[in-house]
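K.L.:
got a predicted structure here, sequence first:
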Number of protein chains: 2
Amino acid sequence: MSTISSRVAVAVHVLAYLAWRRDEPVTSERIASSVNTNPVVVRRIVGALRNAGLVSVQPGVGGGAQLAREPDHISMLDVYRAVEEKEELFAVHADPCRNCDIGSNIRAVLQGVFCTAHQAMQGVLAQVTIADIGHQVKKAAGGCAGADVHLAGDCGEMAALDGVLAPGGRA
Amino acid sequence: MSTISSRVAVAVHVLAYLAWRRDEPVTSERIASSVNTNPVVVRRIVGALRNAGLVSVQPGVGGGAQLAREPDHISMLDVYRAVEEKEELFAVHADPCRNCDIGSNIRAVLQGVFCTAHQAMQGVLAQVTIADIGHQVKKAAGGCAGADVHLAGDCGEMAALDGVLAPGGRA
DNA sequence: CCAATTCGTAACCGCACTGGCTACAGATGG
DNA sequence: CCATCTGTAGCCAGTGCGGTTACGAATTGG
């Protein structure tokens, strides 16, 4: 597998929900019902977002989570870094043979390439904000008729992101 | 965590080794000693590379693995796709609430962004070949003095890849 | 044909991460 | 005080990964 955990996806969902209910604090239970998970899972993720300064939380009656910034000042890269503590995207085998040229040098070379690839990925996330996500969701909710048509194919043209993103993968 | 498994790194190591010993078949045991792992682990990865047509393998006395293509015709994206069967880089929560606008539309929006990010990462891998890796390793092995200096910092300028890669992450 | 070598693969293990769940202490406001 | 809500610890089942052993199948050489 080795997919990035769904915490990023859930965190974006949470923030989009908070942006939707911008005025009032929202409880973890309410958020959990939208995500369809356990309130504790939501609180764990909200805790990470709080540590990153993206939301503010109040306990007690009438408490809950609220956005700490404007939705257009929260990028998906912020979210990614808030909930995914891992610094390296690719694992590299720890201890190759030190006696051969390959073994003693491959790690540095691989780390360089992998780091560049990771940065390219983060570059895409950096250019999408929670406000963008909210707009996309709203647009999709509006035109329900063909809302999920563009799911076909290999993530297709991603028409939904036109104007927001540069071409991205030139593969 | 959620890092991409070290199979990619090991597979590149294996292919770099085969490119180094271009003429003769190399046994899984020999490769394993360079990677410093178990021969079965190597055979599993070599099997995936064989399925992808990157190497050819012969059993029996004098057998082993050999490159099936020139090193400059094997990209790290080929390797990535050969050993990492996962099609999606980011997991998305499977079943958000269908009654609210956010829950019923967030998955498609997230999948679009995540797919674009994934493609950007693959675009970097596509531009590095096994031959490039071999050259980098050789260069590092030659000038041992300052070979690992450029490891400092946040993957720094990646001077080693200058001329091979476009700027990559514009974050 | 037989023996040595090597791959291919199944089976099992320990480790680590993930998400879901319960439980409870602590903070907050009426 | 009390109801509400967060924060967190703790446990569980599921899953993936890497390591290891074991054995059958293929190939080469005598």
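P.N.:
Cool, got the structure.

K.L.:
give me the mean pLDDT for the longest helix that chain A contains.
P.N.:
Criterion DSSP state H: the longest helix present in chain A is helix A:101-126. Helix A:101-126 comes out with an average pLDDT of 98.

K.L.:
could you confirm whether any residue of it contacts DNA strand D?
P.N.:
No - using CB under 7 Å from any atom of the strand, helix A:101-126 stays clear of DNA strand D, with a minimum separation of 13.0 Å. C-beta coordinates here come from the backbone N, C-alpha and C atoms, glycine included.

K.L.:
just the angle between that helix and helix B:101-126, please?
P.N.:
Going by axes from the mean of the first three to the mean of the last three CA atoms, to 10 degrees, helix A:101-126 is angled at 150 degrees with respect to helix B:101-126.

K.L.:
against which helices or strands is helix A:101-126 packed?
P.N.:
Judged by 3 or more CB pairs under 8 Å, 6 or more residues apart in numbering or on different chains; DSSP states H and E, helix A:101-126 is in contact with helix A:76-83, helix B:7-20, helix B:28-35, helix B:101-126, helix B:130-142.

K.L.:
got the angle between that helix and helix B:7-20?
P.N.:
140 degrees.

K.L.:
what comes up buried for stretch A:82-94?
P.N.:
By 16 or more other CB atoms under 10 Å in any protein chain shown, the buried positions in stretch A:82-94 come out as A:Ala82, A:Val83, A:Glu84, A:Leu89, A:Phe90, A:Ala91, A:Val92, A:His93.

K.L.:
pick the one among those closest to DNA strand C.
P.N.:
Nearest to DNA strand C among these: A:Glu84, at 7.2 Å, using CB to the nearest atom of the strand.

K.L.:
per-residue pLDDT of the closest one, please?
P.N.:
At A:Glu84, pLDDT is 95.

K.L.:
A:Cys155 now?
P.N.:
67.

K.L.:
element containing A:Asp95?
P.N.:
Here A:Asp95, judged by DSSP states H and E, is contained in no helix and no strand.

K.L.:
which residues touch A:Val79?
P.N.:
Going by CB atoms under 8 Å, 6 or more residues apart in numbering or on different chains, A:Val79 touches A:Val8, A:Ala11, A:Val12, A:Leu15, A:Leu49, A:Leu54, A:Leu125, A:Ile130.

K.L.:
try 6 Å this time
P.N.:
A:Ala11, A:Val12 (CB atoms under 6 Å, 6 or more residues apart in numbering or on different chains).

K.L.:
for DNA strand D, see how far away it is.
P.N.:
16 Å (CB to the nearest atom of the strand, to the nearest Å).

K.L.:
quick one: the lowest-mean-pLDDT helix or strand in chain A near chain B?
P.N.:
Here the helix or strand of chain A ranked lowest by mean pLDDT, DSSP states H and E is helix A:130-142, holding a mean of 95. Yes - interface with chain B: helix A:130-142 contributes A:Ile133, A:Gln136, A:Val137, A:Ala140, A:Ala141 (CB under 6 Å from any CB of the partner chain).

K.L.:
centre of the chain to the longest helix of chain A, how far?
P.N.:
21 Å (CA atoms, centre = their mean, to the nearest Å).

K.L.:
closest residue of chain A to DNA strand C?
P.N.:
Closest point on chain A to DNA strand C, by CB to the nearest atom of the strand, is A:Gly60, at 2.8 Å.

K.L.:
got a list of what that residue touches?
P.N.:
A:Gly60 neighbours (CB under 6 Å, 6+ apart): none.

K.L.:
mind listing what the nearest residue to A:Ala48 once chain neighbours are set aside touches?
P.N.:
Nearest residue to A:Ala48, sequence neighbours excluded (CB to CB, 6 or more residues apart in numbering or on different chains): A:Val83, at 4.7 Å. Under the criterion of CB under 6 Å, 6+ apart, the neighbours of A:Val83 are A:Arg7, A:Val8, A:Ala11, A:Ile45, A:Ala48.

K.L.:
which two of those residues have the greatest separation?
P.N.:
Maximum pairwise distance among the contacts of A:Val83 (CB to CB): 10.4 Å, between A:Val8 and A:Ala48.

K.L.:
so for the two, which sits in the more crowded spot?
P.N.:
A:Val8 (24 against 19; other CB atoms under 10 Å in any protein chain shown).

K.L.:
and the gap between that one and B:Leu89?
P.N.:
10 Å (CB to CB, to the nearest Å).

K.L.:
kindly report the same for A:Leu125.
P.N.:
In terms of CB to CB, A:Leu125 sits 11 Å off from B:Leu89.

K.L.:
bridged to the residue nearest to A:Leu18 when sequence neighbours are not counted, which residues?
P.N.:
The shortest distance from A:Leu18 to any non-neighbouring residue, by CB to CB, 6+ apart, is to A:Leu67 (4.8 Å). For A:Leu67, the beta-bridge partners are A:Val55 (DSSP bridges).

K.L.:
pLDDT score assigned to A:Leu67?
P.N.:
At A:Leu67, the model reports a pLDDT of 98.

K.L.:
what's near enough to touch the most far-flung residue of chain A relative to its centre?
P.N.:
Most distant from the centre of chain A: A:Asn99, at 41.4 Å, with distances by CA atoms, centre = their mean. By CB under 6 Å, 6+ apart, no residues touch A:Asn99.

K.L.:
kindly provide the distance from it to B:Ser33.
P.N.:
When A:Asn99 is compared with B:Ser33 (using CB to CB), they lie 9 Å apart.
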